[in-house]
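Colleague: Any chance you can model this:
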Amino acid sequence: MRALAILLAGALGSCTCGTLTRDELAERYPYADGTLYSRGGLAPVFAELETKLGGPLTVTSVTVHPGDVFLTVRDAKRPGNLDNWRYDGSWRDPEPVQTSRRELEDTRSFAIAEVPALGKLRDLVDRSLAELKIEHGRVESVSVSRFKAIEVSVDIKGPRERGRVTFWSRSRAQLWTKG
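Modeller: Numbering: from 1, shown residues only. Now for the predicted structure:
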């Protein structure tokens with residue numbers, strides 16, 4: 001009986017089972033549940049900032065990595081002011097963005113609500129990985145910006161190559177198609 005207990009203890013001692021930290025999860029599964037690429041992963045993050053700022057978010061850019069989000073947000077109380085916000089599990093203090101008067105009148109701003117694709121990042125990531133077929137490809141980032149239309153770009157990186165797939169809205173109905 002003692003030999004069986006020693007054998008069992010030795011087997012369990014070499015077991016690699018256990019839990020992964022959030023960083024380990026994001027490293028092994030770059031768009032798995034629990035990362036910002038998962039379905040609905042960004043919704044609570046944006047809702048928290050909207051609550052903090054007291055209203056809907058109007059931004060000029062969004063960049064999402066597996067573990068953090070960067071946004072350039074237009075101040076609702078002072079539309080002439082832009083601030084960079086960073087979320088990496090909690091919100092960091094905003095940093096002011098220096099702009100010119102011309103930039104303040106630009107058409108690059110958009111409401112987060114205008115980008116329903118942000119709620120489907122995992123689907124866009126899956127489509128991008130399938131399209132690019134980069135060996136050992138991993139999501140490097142997802143970025144959202146507006147020039148003539150709102151664009152969502154997914155950057156994939158592998159050990160030997162990298163690529164980008166861009167999606168955009170063709171109409172007010174927000175049908176997201178590949179670029």
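Colleague: Is it correct that V73 is in contact with L82?
Modeller: Yes. If you go by Cβ atoms under 8 Å, V73 and L82 touch, sitting 6.9 Å apart. Bear in mind the C-beta positions are built from the backbone N, C-alpha and C, glycine included.
Colleague: lowest average confidence, helix or strand, in this structure?
Modeller: helix 2-13 (a mean of 42; mean pLDDT, DSSP states H and E).
Colleague: how about V165, secondary structure?
Modeller: strand (DSSP: H, G, I helix; E, B strand; the rest coil).
Colleague: What's opposite it in the beta bridge?
Modeller: For V165, the beta-bridge partners are V154 (DSSP bridges).
Colleague: Any idea how many residues pack against it?
Modeller: Counted with other Cβ atoms under 10 Å, residues neighbouring V165 total 19.
Colleague: just checking, it touches R127?
Modeller: Yes. Judged on Cβ under 8 Å, V165 makes contact with R127 at a distance of 7.0 Å.
Colleague: Let me know the helix or strand that P159 is in.
Modeller: According to DSSP states H and E, P159 maps onto no helix or strand at all.
Colleague: all strands of this structure, in order?
Modeller: Secondary structure of the chain, counting by DSSP state E: strands at 58-64, 69-74, 82-87, 95-97, 110-111, 138-146, 150-157, 162-169, 176-178.
Colleague: The second one pairs with which strands, parallel or anti?
Modeller: In the sheet containing strand 69-74, its partner strands are strand 58-64 (antiparallel), strand 82-87 (antiparallel), by DSSP bridges.
Colleague: For this protein, give me the ranges with low pLDDT.
Modeller: 1-35, 37-40, 101-106, 170-179 (pLDDT under 70).
Colleague: Identify, out of the strands paired with strand 69-74, the most deeply packed stretch.
Modeller: Among the strands paired with strand 69-74, strand 58-64 has the highest mean neighbour count (mean count of other Cβ atoms under 10 Å), at a mean of 20.
Colleague: Look at E135 and say how many residues are nearby.
Modeller: E135 has 8 neighbouring residues, counting by other Cβ under 10 Å.
Colleague: wouldn't it be in contact with R162 here?
Modeller: No. Using Cβ under 8 Å, E135 makes no contact with R162, being 11.4 Å away.
Colleague: neighbours of V154, just the number please.
Modeller: Neighbourhood size, V154 [other Cβ under 10 Å]: 27.
Colleague: Count the neighbours of Q98 for me.
Modeller: Around Q98 there are 6 residues (other Cβ under 10 Å).
Colleague: no wait, T107
Modeller: Per other Cβ under 10 Å, the neighbour tally for T107 reads 8.
Colleague: a markdown table please, covering the strands paired with strand 69-74 and showing distance to S100.
Modeller: Output for these, formatted as a markdown table (distance: least, Cβ to Cβ, whole Å):
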| stretch | distance to S100 |
| --- | --- |
| strand 58-64 | 13 |
| strand 82-87 | 11 |
